Every structure is written in C-alpha cells, then in structure tokens.
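1. missing the sequence, but the structure's below:
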C-alpha cells in the first residue's frame, strides 16, 4: 500500500502495476483509502475524472446519471423495435451506434469501485495448496483430468459446511420459527417458463470458430479491455475509453457486444482465432423426465421456486395465518460458460433460501425493534453514484433517512449480519450493497447483497431481495390456480361493482361445451372492461376472443349491471422477502477471513474458526506411544463421545509441537495432551488454539468442559480463570 502512494511513483511504474493488478479490486481501493494525498488523487482521477470534482457537482452527476440511464433504456427499446420489425439495416446500425455512445457516456458518470479493507498480503497459492493437501475441497474427477466448475468437499470441508448449516438452521429456522421444506431438484419445463427462467436465465457466449471453445462474452471483453488499458504510452482518453467499456461489459446486449468485438477485432484467447457472433446461452441443465423423453425438465437453478409452489400447503399448515417464512437447504445447478475463482463460481452448489410471505400493505415487523439499533455497513445507491464507500449506520437511521423502507427487509439484513458474525466472518470485510437501478431485477422492489471481501475482491454471498408478489402471481396465472391470502374485516367494505351477468340457459344452448369459457370470460372482466362491454352491446352484437376461443355475444345473452357489494374479507397476493445464501461462497470467504500465519513462522498456517464451526472440536494427543497412556485415552474417548464432542486422535511419532501445528492447519480449536503427569495424578492438559495457552484439569472433567467450550456456552477465559494456566508437561509449541 505504501508503494502505491509514494510521491516518486512514475507513469511507467503505474503501468507496470496495472499489468498485475485488477483496477476494480486493487488500485482503486488503495487509492481511495487516503484520497487526500496528491498522489492518490492523481491515481484515482486517472480512472475516474469525477473524483476531482466538488461534492455538489458529484451530486449533480447523480441526477445526470439517472437521466442518461432513462435515455439508454429508451434507445435500447428503439433498437429492439427496429430489429423486431426487420427495419432498414442502416437505421438499425445508427440506432445501435447511438446506444453504444450513450452507454459510454453512462460509464463516465458511473461511480468507481469502492475501497476495500486493508489487509496483509494474502498468498492465494499457498492457501489453495493447503486446501488440497488437507482435503478441505479439491477439483472433482481429478483422475480423469477434472471438470471446470465442479468440486468435491473432503472430510474437513464437509464438517465445516455441516456445522455452518447447523448454525444456519438454529439461527433462522428455529429462532424464527420457519417452516422447512425439501423440494425436488428436478423441475418440469412449465414451472421455469412461468417463473421466467426459461426465457431469461442466460449469459451471452462466443465460440472459437475453429476449436469450438466457448467463452463468456462479457468476461472476455473485460479481460481484453483491461489488457488494452494497460498498454504503455497509451493516451489518457483511450485508456479511459477502454476502462469504461470494460466496466459496462455485463450491461451490453448481444448486438452491442457484436459491434464492440468487431470494432476492436477481438479474437479467441490462446489461439487468436475468429469468434462467432454472440448468442444467448441458457445456464440451466436440460434433461428429460421419464423413458419417453416427452416431458422436458431442468435441474433447478435456484431452490426458491419449490417453496413458491408449496405456498398453499404451507399456508394451510400455518393455519392460514400471515406472515410466515419457509426455508430450504439444497443443491442448485447452473451450467456456467466459463467457471473460475474456485468455489466462488461453480456449476453445482449448495443454497439456503428463505421466502418470507407478508401483507404488502403492512411494512412493519414486530421483531424489527430487536435490530433497530444494530450498526452495519450500508452501501446504498446514492452513495455509490456519488463515488463514496459503505457507511456504518443503524437500521433506525437508515429507515429514518429512507434508505430502507421495509422493516421486514431491514430485520433480515440485521439477522444476516448477526449470522455472519456468529460463524466467524470478519465484519470489517463485510458490507450490504444496494443494487443500482440498472441492475435491479425486473420483479424486485429493492435488493441488498451481503458482500464479503476476499482475495478475489468483493463477493456477493447473500442476496436479500424484496421480490414483491411476482412469483406467486406468475404461477397463479400459469396454472389458473388462485394463490392468495385473506383477512377477515371487522367492518365490511362497500364497493361499487360493474359486472357482466350471462343468461345460463341461453348461453348453454348457444355455445354448448364452450359455455364455460364464456362465463370465465365474463367473470374475468374488471369494472372498466365491463363498462366497455356494456357500451359495445348497446350498439349491437360483440365478438370477443378468450382462451383461444372466439364468441359473439349480444344483449339477450349478457346483461351488464352496476351493484353495491359488501366485502367482509380482503384478499391479496402476499409479497416476499427473500434472503438467498450461497453456502460455498460463504464457506470460502470464511476460510480466507480466518486464515493466518503464526507470528515469526510464515510456514505455520492456522485457521481461527469459531469452535462451533470448526470441523473437529478437539485433538487427542498422547505424548508418546507408551502403553500406560492407553487407559486414559480410552476414558477420554468414551467421555467425549458421550458429550457429543468430535475428536481426532494423533498418536504419531512426531513432536508434540508439530502435531499441534497439524491440528491448527485444520482449525481444531482445542487439544488434549496426555503426558507422564497424567499417569501420576489422572489429569491432562487442554490447549487453546488461538492463544496457545494451556490449562490442566482432572480427566473426568475434561469432556464436560470441552462440550461447553465447543458449543460456545463456556469461554476460554472462564476455563482459564477456574483452572489456571499450566506450563508443565507437553505444552510446548515449538
């Protein structure tokens, strides 16, 4: 960090650094930590001219950004209309060029990436080697060369994940009284057509025309632009142009990407071959259900849809009361075009999702007061657009300022923060980032990602979305099944209703088997539509189309009347708050956050995982292989098993210090050493991994003490105060 802020740093040194560092995740964060110095201001301004402008001008830029964003949307709609109408090619090209230019202007006003917390240099290569050597996780199918995006969890990884999910169940399902379900991963096509996944769950792909290798278009564009921007002696305006295009890579359409790829003559990486035209690639794994192959299906890309389809049964199980929440833990599958970044982008992964159903007319939440004064780092839209960074504030203040508007959403953000803290995440490397308007999902009212900072940069680990009533509405419409909640009213509501009433006898004779469709049509009309039908019938017969059937109606068959109705029940489609957890991403980030090297020994790695998350709670270490130690080891095994404390026996001939180091490498928080004093007085030592301190106590008490330490009901300081520290026996860490 000091190197990048030295006054003598030359342009060539800056260019050299850019070759090895990501602008998004390294140089800008370093520059923004101390923006007051001339050097950091120069560095920051080189990629964001807006940085040097006054705060009032940056606020104006936020307004300009919103206006320009509307222009980009309107121009994008125009391009789609021209192409759908198969208009003049010259006109289409001009429209596309204008859209690209507008997006480039939008990129100029877009905020730069925010600063990342300062941490010591992280050796990812050493970390990855440790993950493989101790089999926390490793690439799958290694004997056959491996498959990108697929990983196996080893004994330690499985245990860490299981413990993390156990805490998740305790923290959310039990403490919030949620209804857990376990839905099938195999999903028929109509479900995902209704949810929109079949049409929209896609990334844009290009192919090497000779080798057939596939590349995700936006990622390839980012890589190429980053390389071009790092060219020496590049004019400043060109450098800014390349960086802007790279920043906007995931916002371009297929047509825009095609134009850019042609403009810069982008070739396939590694081969230099030509690339195909960009095409949509749906990331869902396709399969067929049953032996005939007639029923098309998919492996689910998320676990949420199963919960939505179970809504009616869950509502009945909950005695038709709202609000209620349902949760599910399970595998999801996404056929990533180019998986990378280890566990952060894979094709098969564990998810834990919550769907909280509530009345959209009531944005209060009874338990909100429990987290109202909790302070968390919030990175809202306005702060991002102004080029700022996450701001610590309480939820009470965020609600008062209008940054958050829904108490239920705020409550779940607070619970997510407390969960992350509970499992050992470094909360100084956590933030809640609100989606910008141009990245908000079409169904979402609001969305905040819980992001954790890793050596790969900021990683989305939990998406917290206000999904409104989108999913239930889609499935109700697709299946013609009402999915709603109701509320009994103390006082009836009187409403004026315009309704079209059909003559059952005459309609039955006239339309026979199609009579039901006629009545369904009449019932589907709202007040305005019924009024329009009345006006049309007064002029003569009316031909209508409904459910792919065409009918001719006249005033003898249908009467339109205005009536007063008393409603004693209010019906509504519930809205949904959805926290969605990527378990693999959280696990990887947690391992990075808790990874460290012992002071004075950079070859001795260890993990500071909380005992409740640690894969094994204690190690059992006899000082030597003497037969006289066996009865004590047997007594400890039996006692630990009875208390439900997992342990790992290491009776190898290595020194006790080396064995301590081996257990530290797999995050075991406590170690029991049986030594020669044990034979004399039936006591043994317990070593604490974090402090490397030891206490000595009777063997009969050790299982209960470790049960308390492992569950968190007892702290090491409590045990130390009770038994005192020891410096005798096998307590050396050399």
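-> Yes, it's here. The model shown is predicted, which means the values in this text are computed figures rather than measured ones.

2. pLDDT wise, what is residue 456 at?
-> Here, the pLDDT recorded for residue 456 equals 89.

3. Surely residue 252 touches residue 222?
-> No: counting by C-beta atoms under 8 Å, residue 252 stays clear of residue 222, with 11.0 Å between them. C-beta here means a position set from N, CA and C on the backbone, and glycine is covered the same way.

4. Look at the two and report which has more neighbours.
-> residue 252 (22 against 19; other C-beta atoms under 10 Å).

5. dump the residue contacts of the more buried one.
-> 103, 204, 218, 221, 260 (C-beta atoms under 8 Å, 6 or more residues apart in numbering).

6. measure it to residue 99 for me?
-> Residue 252 is 9 Å from residue 99, where distance means C-beta to C-beta, to the nearest Å.

7. What backbone torsions are found at the residue lying closest to residue 187 once chain neighbours are set aside?
-> Counting by C-beta to C-beta, 6 or more residues apart in numbering, residue 300 is the residue found nearest to residue 187 once chain neighbours are left out, at 4.8 Å. Main-chain torsions, residue 300, degrees, to the nearest 10: phi -60, psi 140.

8. Would you confirm that residue 300 contacts residue 348?
-> No: assessed by C-beta under 8 Å, residue 300 is found out of contact with residue 348, at 11.2 Å.

9. mind showing which ranges of the stretch 601-734 of the chain have poor pLDDT?
-> Low-confidence segments of the stretch 601-734 of the chain (pLDDT under 70): 728-734.

10. how about the helices of it, start to end?
-> Using DSSP state H, counting those that start in this stretch, the helices of the stretch 601-734 of the chain run over residues 630-643, 656-665, 676-681, 702-711, 716-723.

11. Next, the angle from the fourth one to helix 716-723.
-> The reference is to helix 702-711. Helix 702-711 runs at 160 degrees relative to helix 716-723, counting by axes from the mean of the first three to the mean of the last three C-alpha atoms, to 10 degrees.

12. Likewise for the second one?
-> In terms of direction (the same axes, to 10 degrees), helix 656-665 departs from helix 716-723 by 140 degrees.

13. now for helix 656-665, which elements pack on it?
-> strand 601-607, strand 618-622, strand 670-674 (3 or more C-beta pairs under 8 Å, 6 or more residues apart in numbering; DSSP states H and E).

14. on contacts alone, who are the packing partners of the longest one?
-> Spelled out, it's strand 601-607. Using 3+ C-beta pairs under 8 Å, 6+ apart, strand 601-607 sits against helix 124-133, strand 595-598, helix 656-665.

15. What lies in contact with the second one?
-> The list of residues contacting strand 595-598 from outside it, by C-beta under 8 Å, 6+ apart, reads 122, 127, 603, 604, 605, 606, 607, 608, 664.

16. Going by neighbour count, which of those comes out on top?
-> Using other C-beta under 10 Å as the neighbour criterion, residue 607 leads the contacts of strand 595-598 with 27 neighbours.

17. wait, what's in contact with that one?
-> 591, 594, 595, 596, 664, 665, 666, 667.

18. Relative to residue 464, which of the helices and strands packed on strand 601-607 is closest?
-> Checking the helices and strands packed on strand 601-607 against residue 464 by C-beta to C-beta gives strand 595-598 as the closest, at 26.7 Å.

19. ok now that closest one, how far from the chain's centre?
-> 28 Å (C-alpha atoms, centre = their mean, to the nearest Å).

20. Give the buried residues for it.
-> Under the neighbour-count criterion of 16 or more other C-beta atoms under 10 Å, strand 595-598 has residue 595 buried.

21. just stretch 131-146 next, same as before
-> Neighbour counts over stretch 131-146 (16+ other C-beta under 10 Å) mark 131, 134, 136, 137, 138, 140 as buried.

22. for the residues you listed, which one is nearest residue 403?
-> residue 137 (37.2 Å).

23. Give me the subset of the contacts of residue 252 that lies in strands.
-> Residues of these located in strands (DSSP state E): residue 204.

24. my guess is residue 478 meets residue 193, correct?
-> Yes: counting by C-beta under 8 Å, residue 478 touches residue 193, with 7.5 Å between them.

25. What number of neighbouring residues does residue 486 come out with?
-> Around residue 486 there are 12 residues (other C-beta under 10 Å).

26. helix, strand or coil for it?
-> Following DSSP: H, G, I helix; E, B strand; the rest coil, we place residue 486 in the strand state.

27. who touches it in this structure?
-> Contacts of residue 486 (C-beta under 8 Å, 6+ apart): 320, 569, 570, 571, 572.

28. So residue 512: helix, strand or coil?
-> helix.

29. oh sorry, the question was meant for residue 528
-> Per three-state DSSP, residue 528 ends up helix.

30. so how far is residue 535 from it?
-> According to C-beta to C-beta, residue 528 and residue 535 sit 11 Å apart.

31. And for residue 237?
-> 62 Å.

32. between these two, who's got more neighbours?
-> Taking other C-beta under 10 Å, residue 237 and residue 535 do not tie; residue 535 has more neighbours (11 against 8).

33. Am I right that the more buried one is in a strand?
-> No: assigned with three-state DSSP, residue 535 falls outside any strand and is helix.

34. what sits in contact with each of residue 300 and residue 348?
-> 332, 333.

35. These two: which has the busier surroundings?
-> Between residue 300 and residue 348, counted using other C-beta under 10 Å, the more crowded position is residue 300 (25 against 17).

36. ok now do the more buried one, which residues does it touch?
-> 185, 186, 187, 306, 332, 333.

37. didn't the third one look like it was pressed against residue 303?
-> No: here residue 187 does not reach residue 303: they are 10.4 Å apart, not a contact under C-beta under 8 Å.

38. returning to that earlier point: show me the one of the helices of the stretch 601-734 of the chain that comes nearest residue 541.
-> helix 702-711 (77.3 Å).

39. gap between the nearest residue to residue 337 once chain neighbours are set aside and residue 256?
-> In space, residue 337 comes closest to residue 216 once its chain neighbours are excluded; the distance is 4.1 Å by C-beta to C-beta, 6+ apart. In this view, residue 216 and residue 256 are 15 Å apart by C-beta to C-beta.

40. got it, and residue 234?
-> Distance from residue 234 to residue 256, counting by C-beta to C-beta: 23 Å.

41. Skipping its backbone neighbours, what lies nearest the residue of the chain most remote from its centre in space?
-> The outermost residue of the chain, judged against the average C-alpha position, is residue 556 (58.4 Å), by C-alpha atoms, centre = their mean. Nearest-residue entry for residue 556: residue 506, 6.6 Å, with adjacent residues in sequence omitted and distances by C-beta to C-beta, 6+ apart.

42. likewise residue 332?
-> residue 351 (4.9 Å).

43. Let me know how buried residue 642 is, in neighbour terms.
-> Residue 642: 11 surrounding residues under other C-beta under 10 Å.
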